[in-house]
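Novice: sequence unknown, structure follows:
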C-alpha cells in the first residue's frame, strides 16, 4: 500500500510540473506575438484614404461658373447646342472609382475658351505606405515637373517692370505720361488694361506660377503664355491641388481671335482659383 501511494504522489508532482511549463511557454508566446514592429506595420497598412468615390465631373461645375469661364456659352442661340455645351464631354476612363474628368470648349466672337477638370483618387498598394502618403508623393512629382520659379524676394511693386521696360530709353520723369498713354490706348479692352496683359506678355510677380497655402492640403498654380508665330497668344492657367488621397487638376485656356490680344493673367487666375475652391468644397475638404 505504501508503494502505491508513493507512485500516485510522484505522478501528481510530475503533472503539476508539466502544467507549469505549459503555462510559462504560453506567456512567452504572447510576448513574442506583441512585437512592436509588427504592430506598427499593421497600423500603417490599416489607414485607407479619406475618399472611396469621386464626384461626377461634368456635373461638378455649375452653369453660373461655366458662364464666367466660358463667356461664349451665353452667345449660343440654339437651346439644344447651349445645353450640350453646358454638359461638357466626359473624359475616357476605364475605372470611374479611380479617375474621372470632363472637358468643355466654347468659341465666341472674341476668343476660344477651354476648360478641363480631372479627379484622381490615389490608392496605395504598398502595405507600408498610406493612401494619403502615396497621393502626396504623386502631387510632389507633378509640382516638380511644373518647374515653378523660386519665390521672389524683391519688395518692389509687381507693376513697376511694365512701364520701365516700355520706356527704358526715356528719363524717369517721362515714364508717367507713357503709362497713362498706354492705359488710354487700351481702355477699350479690359484684358489689355491690366498688368497681366502687358504688350510684352510678362506676368507680374504676384501672378507668376507659385505654390498656394489656402487650397486643399497642398496646391500650386501655373500660368503659361504661348506666343508661337502667327497665331494669337494663348494663355493656359493650371491649378493642381490635393485633398487627402484625391488630386484635382484644373486647366483653363483662352486664345483670342484677334492677333496681338493677350489674355488677362489675373482675370484667368481668379476664375480658375475660384472654381478650384468650389471643387474643394464639393469634395468636402
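Specialist: Done, it's in. The structure displayed is predicted, hence computed values, not measured ones.

Novice: For the stretch 101-250 of the chain, which residues score under the pLDDT cut-off?
Specialist: Low-confidence segments of the stretch 101-250 of the chain, defined by pLDDT under 70: 152-204, 229-231.

Novice: Helices along that one, start to end?
Specialist: Listed from the start of the chain, the stretch 101-250 of the chain has helices (DSSP state H, counting those that start in this stretch) covering 131-146, 161-166, 175-185, 190-193.

Novice: Pretty sure residue 74 sits against residue 64.
Specialist: No: the pair residue 74 / residue 64 is not scored as a contact, 10.8 Å apart, by C-beta atoms under 8 Å. C-beta: built from backbone N, CA, C; applies to glycine.

Novice: These two: which has the busier surroundings?
Specialist: residue 74 (15 against 7; other C-beta atoms under 10 Å).

Novice: Chain neighbours aside, what residue packs nearest to that one?
Specialist: Leaving aside its sequence neighbours, residue 74 sits nearest to residue 67 (C-beta to C-beta, 6 or more residues apart in numbering; 5.7 Å).

Novice: Could you list the buried residues of the strand or helix carrying the one you found?
Specialist: Using DSSP states H and E, residue 67 sits in helix 63-69. Using 16 or more other C-beta atoms under 10 Å as the test for burial, helix 63-69 gives 65-66, 68-69.

Novice: Out of those residues, give me the two with the largest separation.
Specialist: 66 and 68 (7.3 Å; C-beta to C-beta).

Novice: Report the set of residues contacting both of those two.
Specialist: The overlap between the contact sets of residue 66 and residue 68 (C-beta atoms under 8 Å, 6 or more residues apart in numbering) is empty.

Novice: what about residue 105, distance to residue 209?
Specialist: 24 Å (C-beta to C-beta, to the nearest Å).

Novice: Show me where the stretch 1-150 of the chain has its strands.
Specialist: 89-90, 99-107, 111-121 (DSSP state E, counting those that start in this stretch).

Novice: before we move on, back to that, tabulate the buried residues of helix 63-69 (JSON lines), appending distance to residue 126.
Specialist: As requested, the buried residues of helix 63-69 are exported to JSON lines (distance: C-beta to C-beta, whole Å):
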{"residue": "65", "distance to residue 126": "37"}
{"residue": "66", "distance to residue 126": "39"}
{"residue": "68", "distance to residue 126": "42"}
{"residue": "69", "distance to residue 126": "38"}
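
Novice: Which single one of those is nearest to residue 151?
Specialist: For the buried residues of helix 63-69, the nearest to residue 151 is residue 69 (27.6 Å; C-beta to C-beta).

Novice: can you tell me how far residue 250 sits from residue 65?
Specialist: 11 Å.

Novice: Need the overlap of contacts for the two.
Specialist: Joint contacts of residue 250 and residue 65 (C-beta under 8 Å, 6+ apart) are residue 275.

Novice: for residue 104, which residues make a bridge with it?
Specialist: In this entry, residue 104 is beta-bridged to residue 115, by DSSP bridges.

Novice: okay, now it: neighbour count?
Specialist: Quick note: residue 104 (other C-beta under 10 Å) scores 21 neighbours.

Novice: How about residue 62?
Specialist: Residue 62, neighbours per other C-beta under 10 Å, totals 13.

Novice: OK, contacts around it?
Specialist: residue 278.

Novice: Mind pulling the model confidence for it?
Specialist: pLDDT recorded at residue 62 is 94.

Novice: before we move on, what about residue 41?
Specialist: For residue 41, the predicted pLDDT is 47.

Novice: What of residue 97?
Specialist: On pLDDT, residue 97 comes in at 88.

Novice: heads up, I number from 338, so please use that
Specialist: Sure thing, new numbering starts at 338, so read that last one as residue 434.

Novice: okay, now it: neighbour count?
Specialist: 12.

Novice: my read: residue 590 touches residue 450, true?
Specialist: Yes: between residue 590 and residue 450 there is a contact at 6.9 Å, judged by C-beta under 8 Å.

Novice: Pick out whichever of the two has more residues nearby.
Specialist: residue 450 (23 against 20).

Novice: so how far is residue 388 from that one?
Specialist: 29 Å.
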